[in-house]
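> coordinates for the following, if possible.
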Amino acid sequence: MNIFINNFSKVSCLFFLTLLLSACQTSDKLAHKNVYVNENLYFDEYFPNYQAVKVESKEDIFALDDRMRLMVKEKLMTERDIKRRARKLLKHIFDQDNVALAYNSAANVSAIGAYNNQQANCLSLTIMAYALAKEAQLAVDFQEVKIPEYWVRNGAYNMLTGHVNLVVTKPKSPHAQVVFGSDILTIDFDPFVIKASFPKTIISQSYVLSMFYSNKGAQALVNKQLTKAYAYFKAATTLAPNFSPAWANLGILYRMSGHLALAKKSYQYALEVNPENFTAMSNMSLLLDNLKDRKELANIRKTLKNQRENNPYYFALLANQAFYLANNKQALAYYRQAIKLNKHEHAFYFGLAKVYYALNENRKAQRAMGKAILYNRINSIDVTYIAKLNFLKKQELDH
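A predicted model of the protein is given here:
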């Protein structure tokens, strides 16, 4: 995931976190543009101790330990057929008797950390799988999946997620003809994304590192560790200057620390790098509202409205916001609109169930939870949903 922060309401201070978890909102399609590191957007003097922050190196993040190397040697390298080797890796990663991985959106960790701690966010899990695949001498690439703007709630924050997975391909040979459909398999930690027909783009390792740094900076920002956030955002933008979300996150940091003119420049550069970065645009609109720049604000809001009126995840964001502010009837209307636009997203029904429960409409909450379970495909989430449904049923019996 990559992080964007946004003051979404005059009542409460909320933030968009574009976290590259399920991993991610990015694209290398702009790499051909003359994108450069904009040194004018760095102000080290505002964060004089930022160099004391230990930012993990590429080697730190992608390294394997002896346990991981031994697994590759004993379980994967004994298989000479590349396709079978790739499938063995896939089985090992997802087999509960082996790694037994658990998803944790806040766990931005290295490959070693993901493998041994068994908790990581989607980007870190994907980094771990990439490192193992490389050790197993597989031809593997990171792949961005272009999903719609999709927010999830984390306490007082909204996190905007994107997605990254891995694609394993046939080994390149100078004598082999390149044919369509040469992929062996995809390694993806979100089964819904595998089945959905979203556009996909191969992205570089540097781009993924920038995502990782952006995630770390975003978490630091949430924790009010501004110097640490600056260190990571500077690392992210220096490494991959065409990664628009990192520039916008830097703008959020400047806005939080009171440097509004610099925040505006950072948002503008994020939009110069990628004019379709609508979360950067949304942050810009909030800044312009504070600066009383009505003409530019009106243009941006019109663009945002046109882009988001058919996006169910945006209405889910509005529902989350309304629910957070205890405006349950408004939240209900927004969730219904989200479901009208996409009837198969489990999170919408879970949100609906929460609202019904808050309104003391337990039977409707039960029905909504039932649909959430029906459409969910992730085992760990299923366990949570079933527990909540059982709780609702017990509440009904007690009354």
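> how about the strands in the stretch 51-200 of the chain?
Counting by DSSP state E, counting those that start in this stretch, the stretch 51-200 of the chain has strands at residues 102-103, 119-120, 139-145, 150-154, 157-161, 164-169, 183-187, 200-203.
> avg pLDDT for the fifth one?
By that I understand strand 157-161. Average pLDDT, strand 157-161: 56.
> ramachandran angles for residue 310?
The phi and psi torsions at residue 310 (degrees, to the nearest 10) take the values phi -110, psi 10.
> ok, and the closest non-adjacent residue to it?
The spatially closest residue to residue 310, leaving aside those adjacent along the chain, is residue 341, at 6.5 Å (Cβ to Cβ, 6 or more residues apart in numbering). Placement of C-beta: from N, CA and C, glycine included.
> that neighbour: neighbour count?
Neighbour count for residue 341, taken as other Cβ atoms under 10 Å: 17.
> ok, it touching residue 312?
Yes - if you go by Cβ atoms under 8 Å, residue 341 and residue 312 touch, sitting 3.7 Å apart.
> ok, back up a step: distance of the residue nearest to residue 310 relative to residue 371?
15 Å (Cβ to Cβ, to the nearest Å).
> tell me the contacts of residue 217?
3, 228-233, 236, 246, 249, 253 (Cβ atoms under 8 Å, 6 or more residues apart in numbering).
> pass me the low-pLDDT residue ranges in the stretch 151-300 of the chain, would you?
For the stretch 151-300 of the chain, the stretches flagged by pLDDT under 70 are 151-161, 172-184, 190-197.
> try 50
156, 174-181, 194-195 (pLDDT under 50).
> for it, just list every one of the helices.
Listed in chain order, the helices found in the stretch 151-300 of the chain under DSSP state H, counting those that start in this stretch are 191-195, 205-222, 226-239, 244-256, 260-273, 278-291, 294-308.
> any chance of those helices in TSV, with distance to residue 328 too?
TSV is the format used below for the helices of the stretch 151-300 of the chain (distance: least, Cβ to Cβ, whole Å):
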stretch	distance to residue 328
helix 191-195	27
helix 205-222	26
helix 226-239	34
helix 244-256	29
helix 260-273	33
helix 278-291	24
helix 294-308	22
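> quick one: which of the ones you listed is nearest residue 352?
Nearest to residue 352, of all these, is helix 191-195, at 18.2 Å by Cβ to Cβ.
> so which of the helices of the stretch 151-300 of the chain comes closest to residue 55?
helix 226-239 (4.9 Å).
> what sits up against the closest one?
37-38, 41-42, 46-47, 49-51, 53, 55, 206, 209-211, 213-214, 216-218, 220-221, 243, 246-247, 249-250, 253, 256-257.
> tell me the domain boundaries of the protein?
As assigned by automatic domain parsing, the chain contains the domains 1-259, 312-398.
> redo those domains as a markdown table? Include distance to residue 272.
Formatted as a markdown table, the domains of the chain follow (distance: least, Cβ to Cβ, whole Å):
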| stretch | distance to residue 272 |
| --- | --- |
| domain 1-259 | 8 |
| domain 312-398 | 24 |
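> wait, which of the ones you listed is closest to residue 292?
Evaluated over those, closeness to residue 292 peaks at domain 1-259, with 14.0 Å, by Cβ to Cβ.
> pull the number of nearby residues for residue 207.
Applying other Cβ under 10 Å, I find that residue 207 has 25 neighbouring residues.
> residues contacting residue 297?
Contact partners of residue 297, counting by Cβ under 8 Å, 6+ apart, are 285, 288-289.
> gap between it and residue 185?
47 Å.
> and residue 225, by the same measure?
Per Cβ to Cβ, residue 225 is found 39 Å from residue 185.
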